[in-house]
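Enquirer: Have a look at this fold, sequence not included:
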Ligand code: SF4
């Protein structure tokens, strides 16, 4: 394919000169690849800005295959932005249950109300107005503007950063401003005036399915002959993110009270809790790993305040691992005597199916409950002291 002079000009930011890249050729190859093999995903059926926005919020930190059924259920329940704005927060969080990162569900709801208040319920199309909406960051704004309104705006998520960093073999640290600006400069130059939404989605799709974090599938990549990281023989060395937040190790200890009919006791976490605020969960605690040795004792003391009587927890009945933002959490549920729970219990409910009871919960709770009866043996050291003996 013939390259024009403008295609190969150097891409520069205020901090660094980027290598020459054939912009038109990259665009053409990507768009062709996307048109031929894009995944069939429910939010791609039309360009309704409401649906584009909902899908983009759901897709943050969650894979498309996981999001698809949640998206369909959510749209069936709240088919328009107005319907979402009118709903109660508990209904929205209930529909969000299982997707994790509940702050996203809350923000979605708050933003829907802001669109109704500021724009009469019609999603704005002006970049400044979209960016001014609460909870709409630069990535989401770029996705909405390009996909729903056909505007030439980049949409830089983690997948796009990775593809661009490899394509241009960017040596800058992307966790720092010059690196960020280099990626943004490249994305701005690359996004074409025609079909910007398809182009942005093609880049994201390439990052999600081909240019994956650990094992990029370069032999099937449509950009392989243009990719500088591949030419250098070290695609997995990019992107460079030296200052990335380190993962923190946390533990979650919880009490599992199960009544004779199989229902479990859930309590609502405080609205200002640092983790999973407002969600229905097993009575339990989240603690840094450093406090693990006293975790069960601490939980027993908390249960005494909650239930008004002394509780001794039994054996571990379910355990799992989970990640919430930068926290890696090891979760263990210990069995408790259901007959020691007062009836009724303020702020507590017995349920066999939180979702159908309209209780917003977390995917961590679902993982724990899924492991009941057959706790996964993770081969990890015990949390806290050996389980207490019953009185
Ligand atoms: S050739 Fe490999 S490293 Fe380069 S963009 Fe394609 S998949 Fe990513």
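Expert: Received it, and whenever you're ready, just let me know what you need. Just so it is clear, the structure is predicted and the values come from calculations on it, not from any experiment.
Enquirer: got a list of contacts for the top helix by length along the chain?
Expert: Across the chain, the helix with the greatest residue count (assigned by DSSP state H) is helix 102-119. In this structure, residues lying in contact with helix 102-119 by C-beta atoms under 8 Å, 6 or more residues apart in numbering are 53-54, 57-58, 60, 81-82, 84-85, 87, 89, 92-93, 95-96, 99, 121-124, 129, 133-136, 276-279, 360, 362. Where you see a C-beta, it was placed from the backbone N, CA and C, and this is true even at glycine.
Enquirer: from those, which would you call buried?
Expert: 53-54, 57-58, 81-82, 84-85, 87, 92-93, 95-96, 99, 123-124, 133, 135-136, 276, 278-279, 360, 362 (16 or more other C-beta atoms under 10 Å).
Enquirer: From those residues, list the ones also adjacent to the ligand.
Expert: For the ligand, no contacts are drawn from the buried ones among the contacts of helix 102-119 by C-beta under 6 Å from any ligand atom.
Enquirer: Which of those fall in helices?
Expert: 53, 54, 57, 58, 81, 82, 84, 85, 92, 93, 95, 96.
Enquirer: which residues does the second one contact?
Expert: So that's residue 54. If you count contacts by C-beta under 8 Å, 6+ apart, residue 54 has them with 43, 71, 74, 75, 108.
Enquirer: which one of these sits closest to the ligand?
Expert: For these, the minimum distance to the ligand (C-beta to the nearest ligand atom) is 24.3 Å, reached by residue 43.
Enquirer: tell me the contacts of that closest one?
Expert: So residue 43 contacts 51, 52, 54, 55, 71 (C-beta under 8 Å, 6+ apart).
Enquirer: Excluding sequence neighbours, find me the nearest residue to it.
Expert: Closest residue to residue 43 apart from its sequence neighbours, by C-beta to C-beta, 6 or more residues apart in numbering: residue 55 at 3.5 Å.
Enquirer: Now tabulate the contacts of residue 54 in TSV and tack on secondary structure and pLDDT.
Expert: Formatted as TSV, those follow (DSSP: H, G, I helix; E, B strand; the rest coil; pLDDT from 0 to 100):
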residue	secondary structure	pLDDT
43	helix	93
71	helix	95
74	helix	95
75	helix	96
108	helix	93
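Enquirer: coming back round to it: following the longest helix of the chain, which helix or strand comes up?
Expert: helix 127-131 (DSSP states H and E).
Enquirer: Show the average pLDDT along that next one.
Expert: Averaging pLDDT along helix 127-131 yields 95.
Enquirer: what about the stretch 151-300 of the chain, any weak spots by pLDDT?
Expert: Within the stretch 151-300 of the chain, the ranges that satisfy pLDDT under 70 run 243-245.
Enquirer: Nearest to residue 28 among the contacts of residue 54?
Expert: Nearest to residue 28 among the contacts of residue 54: residue 43, at 24.9 Å, using C-beta to C-beta.
Enquirer: hmm, which two among the contacts of residue 43 are most spread apart?
Expert: 52 and 71, at 11.0 Å, using C-beta to C-beta across the contacts of residue 43.
Enquirer: who's more crowded, those two?
Expert: Shown here are residue 52 and residue 71; by other C-beta atoms under 10 Å, residue 52 has more neighbours (23 against 20).
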